[in-house]
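Asker: Kindly return the folded structure for what I paste below:
(one chain, ligands or ions: 1)
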Amino acid sequence: MPTAHPPSDARPDLSVNPIFTRQPMHIPRYRLPDGELDADVAYQIVHDELMLDGNARLNLATFVTTWSEPQARMLMAESLDKNMIDKDEYPRTADLENRCVHMLADLWHAPDPEHTIGCSTTGSSEACMLGGLALKRRWQARRKAAGKPADTPNLVMGANVQVCWEKFCRYWDVEMRLVPVGPDTTGLTPERAVEHCDENTIGVVAVLGSTYDGIYEPVKEIADALDKLEADTGLDVPMHVDGASGGFVAPFIDPDLEWDFRVPRVKSINASGHKYGLVYPGVGWLIFRDASKLPEDLVFSVNYLGGAQPTYTFNFSRGSAMIQAQMYNFLRLGRSGYTAIVANMLANARHLNQSLEASGKFEILNPGLAEPVVTFKLKGDPGFDVYHLSARLRENGWIVPAYSLPPDADDVKLMRIVVLAGGIGGARFLLGVRAHAKTIGAEVTAIVNVGDDVWMHGLRICPDLDSVMYTLSAFRRRVASGGREVEVDLPAGQARWVSAQEHVGENIGGTDSSGLDFALAAFDRHRRDRGGRGRRALVLGAAARPGPARFPPRRLLRAATGCCSGLTG
Ligand SMILES: Cc1ncc(COP(=O)(O)O)c(C=O)c1O
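Answerer: Predicted structure coming up:
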């Protein structure tokens, strides 16, 4: 919402000449022009203006998706004219939204995912506010039923929450109980959460993927502490999990982590489809544990579009393209595709962490990497600060934000790189491997990470040992491996994922080939198990860094260390 003319240009007119070699003309900058413009000229003016924006691929500040497959873009273009609120007119769109809701309810372990309730939103902010509103209404209903006052609600959350929660509290007259963070933690802890609760607490918000540093707050432990509070005092405080980023990360990379509806105290969860859900900006999700957690008086039904349609949103009209794109991703990737992509982003984040540390100039703040968010500060006192470095990087096109941790921990000045897929080549490769293996009657015994994306595109699927050997030796010199072997059962069954990701980067171009040795051993085993008949057995792949990353990490590292040297000099 612009509230003032941007100070960057106080001139009232935009000069169109001489750019378009037309008659000189001026068009007003802040007033609706009196006349019309040629369509091409209007397009060019806006287009050229946008060229001065930052480059999305180098925007390492945002959690939001900056790349999408062409097929998803195609679907979005086809849906641009469909208003998602016109559910009677576009029943299939409404159905797709509904199916996304149930898929997420299932992914997040709702007790009865087929019958639970939820909605799409413009993003996590709207989802958080709608979730907060449901908490407030349920608390008010309980208080009124008990004949108690219901006019001083409060919401308990860490001081590290995203601004949407502060907005929620201010817009809906809820006291914001911000629990201080630091010095030994950057998020909400069970003890501090409980200390801040009382009979007016409408809920506790736990964040899965803190905006500041990507940490997961301990949802289960906070719930356990609230269980104890209830046992001791009778106070029954529900939880909402803000999984804006983690909601699309944890289920794939950390499936045993209990942060979702497996924890009975968690009544609602939000996530941004446009973050690790991998859709362009404009979609979020809110899912309730079960239908009873959404008070009926918050649901509106309108009939003026034909048919009675219940809605729980702040908006009325909204584009539906992002919903189509979300469903596309769900179908396209499935669990294994999302898992491959998240694993890859984490590998990239780990690589960045290690390389930044190794440069000797930076201190890594979050080596654990719950999600692919790299945070670091400057080592020692190099004579400049993170704000200088951020500005210098910006001059070079890189957008890496510098900021401080929340109050009480704000002496820490840090920078953050959100690693996101710039492509899903790796997942595409894995899916392609499977599909191809099926058509040639091969069985996938191992998928080996052997290098970066450049090489991935060169790999072939090998139907027999000879060509496997040929391909292996052809790539032997370029293989990145020798790392810790991590085995993950891919849900589809046969495939095994052998990861050399820990060492990707350093070893590219090296000769170490233990990943390949593993693949060959797997192949031999397979053949042995089949009495030597397993000709069509091994499929090897490369997914260490699938697809173009959002940014070329090595170039970023060079820029970061180069800027440090420039600032020192
Ligand atoms: C933890 C958290 N919650 C909520 C939001 C708001 O999400 P959105 O941008 O989808 O509205 C963000 C955005 O970064 C976030 O990190």
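Asker: Figure out the helix or strand that the closest residue to residue 388 other than its chain neighbours lives in.
Answerer: Sequence neighbours aside, residue 567 is the residue nearest to residue 388 in space, at 5.6 Å (criterion: CB to CB, 6 or more residues apart in numbering). For the C-beta atoms, the positions are set from N, CA and C on the backbone; glycine is no exception. Using DSSP states H and E, residue 567 falls within helix 553-568.
Asker: Now do the buried residues in that helix.
Answerer: By neighbour count with 16 or more other CB atoms under 10 Å, helix 553-568 contains the buried residues 553, 556, 557, 559, 560, 561, 563, 564, 567.
Asker: Check stretch 325-344 too.
Answerer: So, applying 16+ other CB under 10 Å, buried residues of stretch 325-344: 325-330, 332-333, 336-344.
Asker: What of stretch 47-60?
Answerer: Buried residues in stretch 47-60 (16+ other CB under 10 Å): 57, 58, 59, 60.
Asker: quick check, it touching the ligand?
Answerer: No. Stretch 47-60 stays clear of the ligand (CB under 6 Å from any ligand atom), getting no nearer than 13.3 Å.
Asker: please begin residue numbering at 15 from this point
Answerer: Sure, I'll start counting at 15 from here, so that last one is stretch 61-74.
Asker: how much space is there between residue 204 and residue 42?
Answerer: 58 Å (CB to CB, to the nearest Å).
Asker: When those two are compared, which one has more neighbours?
Answerer: The neighbour comparison of residue 204 against residue 42 (other CB atoms under 10 Å) goes to residue 204, with 21 against 11.
Asker: Could you find the closest non-adjacent residue to that one?
Answerer: residue 239 (3.6 Å).
Asker: Helix or strand with the lowest mean pLDDT in the protein?
Answerer: strand 501-503 (a mean of 27; mean pLDDT, DSSP states H and E).
Asker: that older thread, neighbouring contacts of the helix holding residue 581?
Answerer: 74, 362, 365-366, 369-370, 373, 375-376, 392, 396-398, 402-403, 406-407, 410, 412, 414, 431, 519 (CB atoms under 8 Å, 6 or more residues apart in numbering).
Asker: These in helices, which ones?
Answerer: 362, 365, 366, 369, 370, 402, 403, 406, 407 (DSSP state H).
Asker: Kindly indicate the member of those residues with the most neighbours.
Answerer: Sorting the ones in helices among the contacts of helix 567-582 by how many neighbours each has (other CB under 10 Å) puts residue 362 first, at 28 neighbours.
Asker: Three-state assignment for residue 255, please.
Answerer: Of the three states, residue 255 takes strand under DSSP: H, G, I helix; E, B strand; the rest coil.
Asker: Excluding chain neighbours, what is closest to it?
Answerer: Spatial nearest neighbour of residue 255, excluding adjacent residues (CB to CB, 6+ apart): residue 283 at 4.7 Å.
Asker: And the pLDDT for the one you found?
Answerer: Per-residue confidence (pLDDT) for residue 283: 98.
Asker: who does the helix or strand containing it pair up with?
Answerer: In this structure, residue 283 sits in strand 280-286 according to DSSP H and E. Strand pairing for strand 280-286, determined by DSSP bridges: strand 253-256 (parallel), strand 298-302 (antiparallel).
Asker: can you redo those as TSV with mean pLDDT, mean neighbour count and distance to the ligand?
Answerer: Shown next, in TSV, are these (pLDDT from 0 to 100; neighbours: other CB atoms under 10 Å; distance: least, CB to the nearest ligand atom, whole Å):
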stretch	mean pLDDT	mean neighbour count	distance to the ligand
strand 253-256	98	28	5
strand 298-302	97	28	5
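Asker: returning to what we had before: what is the rounded mean pLDDT of the helix holding residue 581?
Answerer: For helix 567-582, mean pLDDT is 81.
Asker: neighbours of the residue nearest to residue 230 when sequence neighbours are not counted, just the number please.
Answerer: The shortest distance from residue 230 to any non-neighbouring residue, by CB to CB, 6+ apart, is to residue 384 (4.5 Å). By other CB under 10 Å, 22 other residues sit near residue 384.
Asker: same check, this time on residue 398
Answerer: 16.
Asker: Same check on residue 84?
Answerer: Per other CB under 10 Å, the neighbour tally for residue 84 reads 7.
Asker: Could you check how far it is from residue 91?
Answerer: According to CB to CB, residue 84 and residue 91 sit 10 Å apart.
Asker: check contacts around the closest residue to residue 352 other than its chain neighbours.
Answerer: Spatially, and ignoring its direct neighbours in sequence, residue 352 is nearest to residue 266 (4.7 Å; CB to CB, 6+ apart). Residues counted as contacts of residue 266 (CB under 8 Å, 6+ apart) are 349, 352, 353, 356, 357.
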